[in-house]
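Participant: A predicted structure for the sequence below; I have some questions about it.
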Amino acid sequence: MRGAPRPSSPVLLAAGLCALIVGGCGADDTPAGPVTIVASDYDCRAPGPPQPRDTVHLPCMLDASCPDDLVVGHRGTGGNFSLYTPENGLSAIRLAILLGVDGVEIDVRHTADDKLVVLHDDSLKRTTGVEEDITDMTLAEATAVPLSGDSYPGDFACERIPSFEQVLELARDRVFLIIDTKTSRGDLVAEALQRADMLDGGVISVSNVDTAVAAREAVPGVRVQLRPDDLEEYAEIAPRFARPIEILEIPEREIEAFLPTAAAIQAKVFVDIFGRDADAFGSGNLQQYTEPHAAGADIVQTEFPMWVLRAMDRDHWAELPPHRDLGLDSPLLRR
């Protein structure tokens, strides 16, 4: 129930999860018991898009009355600390679906010919090794550039910078999209969602309020996620929207303060838990992952979705694939 802290027991946190899957998939579409996930399930050898888990109910991402505790994978299944796939690639989204996350956060930028690609940085250097900026490239040029995948166990030779349209098609009816709109062209993102008939399948997530306003002006039905640091900042930006925003991304320390406002506008409360990721990596303590949901957050975004799902008793796998060597030690990587 919004407005009151939630039970902290992992068993209670997992209780009440919806059993329906958008798209009409039944329980027979996914394995009944624990599975072993291998790299060929999601890398270039993958036979096709995976089916979502039966713990995932996509409408809950926008339904304020849905009590499910929801998990979003950062840049798919991790950014700088991704263990299994290149960030923001199609393989990362396939793995996220296999793990059973509710949503994935992706980063969208526009090209020189005003098309959209999924890429975090303006420069391609960090994720591809190519010394170019995305705004100087056409869509055709950008989507021909391989993502750097040599450090990950598996076959990622086919991975390229994906177009936004490719990601929309893969995510459709499988996983919700938190679209971190790095481009100022919020109108392009909103129009792409509308063309794909996915206005209910993702939100435009922005720090720049003008980008969200432009998106709503272009497509009034587009869903928006904003990032106020506190209630004072929210009060300044809220009047710019005729229809309330759908997701409030706030600092974890502000959860209690925002609960009445979120309830009043029927918005979801979203928090990044990267600090908890660092704590879990160092200490091996998974129980602390349950605390933001217990405090009233609806959605958490994590660098390590497999560990958050385990803390919530939503780990359906018997074994995960080998991971890349981060050069760092963690008790969680020794299990």
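Facilitator: On my side now, so go ahead.
Participant: Helices of the stretch 101-250 of the chain, residue ranges please.
Facilitator: 125-128, 139-142, 164-171, 186-195, 209-218, 231-237 (DSSP state H, counting those that start in this stretch).
Participant: which residues touch the first one?
Facilitator: For helix 125-128, the external contacting residues (C-beta atoms under 8 Å, 6 or more residues apart in numbering) are Pro86, Glu87, Asn88, Leu119, His120, Asp121, Glu131, Val145, Pro146, Leu147, Ser148, Ile161. The C-beta positions use only the backbone N, C-alpha and C, and glycine is treated the same way.
Participant: tell me which residues in it are buried?
Facilitator: The neighbour-count check on helix 125-128 (16 or more other C-beta atoms under 10 Å) flags Thr127, Thr128 as buried.
Participant: before we move on, what about the fifth one?
Facilitator: Of all the residues in helix 209-218, those buried under the rule 16+ other C-beta under 10 Å are Val209, Thr211, Ala212, Val213, Ala214, Ala215, Arg216, Ala218.
Participant: what residues are up against Met306?
Facilitator: Applying C-beta under 8 Å, 6+ apart to Met306 gives the contacts Thr77, Leu99, Asp315, Trp317, Leu320.
Participant: Need the max-distance pair from these.
Facilitator: Taking C-beta to C-beta as the measure, the contacts of Met306 span a maximum distance of 13.8 Å, between Thr77 and Asp315.
Participant: So these two - more neighbours on which side?
Facilitator: Taking neighbours as other C-beta atoms under 10 Å, Thr77 and Asp315 compare with Thr77 leading, 29 against 17.
Participant: Need the pLDDT of that one.
Facilitator: Predicted confidence (pLDDT) for Thr77: 97.
Participant: related to what we said a few turns ago, redo the helices of the stretch 101-250 of the chain as TSV? Include distance to Met306 and mean pLDDT.
Facilitator: What follows is the helices of the stretch 101-250 of the chain, written out as TSV (distance: least, C-beta to C-beta, whole Å; pLDDT from 0 to 100):
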stretch	distance to Met306	mean pLDDT
helix 125-128	21	98
helix 139-142	30	98
helix 164-171	19	98
helix 186-195	28	98
helix 209-218	31	97
helix 231-237	33	97
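Participant: Looking at those, which is nearest to Thr261?
Facilitator: Closest approach to Thr261 among these (C-beta to C-beta): helix 231-237, 6.6 Å.
Participant: hmm, who's touching the closest one?
Facilitator: Val209, Leu226, Pro228, Leu248, Glu254, Ala257, Phe258, Thr261.
Participant: surely the fourth one meets Ala264?
Facilitator: Just to be clear, that refers to Leu248. No: using C-beta atoms under 8 Å as the test, Leu248 is too far from Ala264 to be in contact (11.3 Å).
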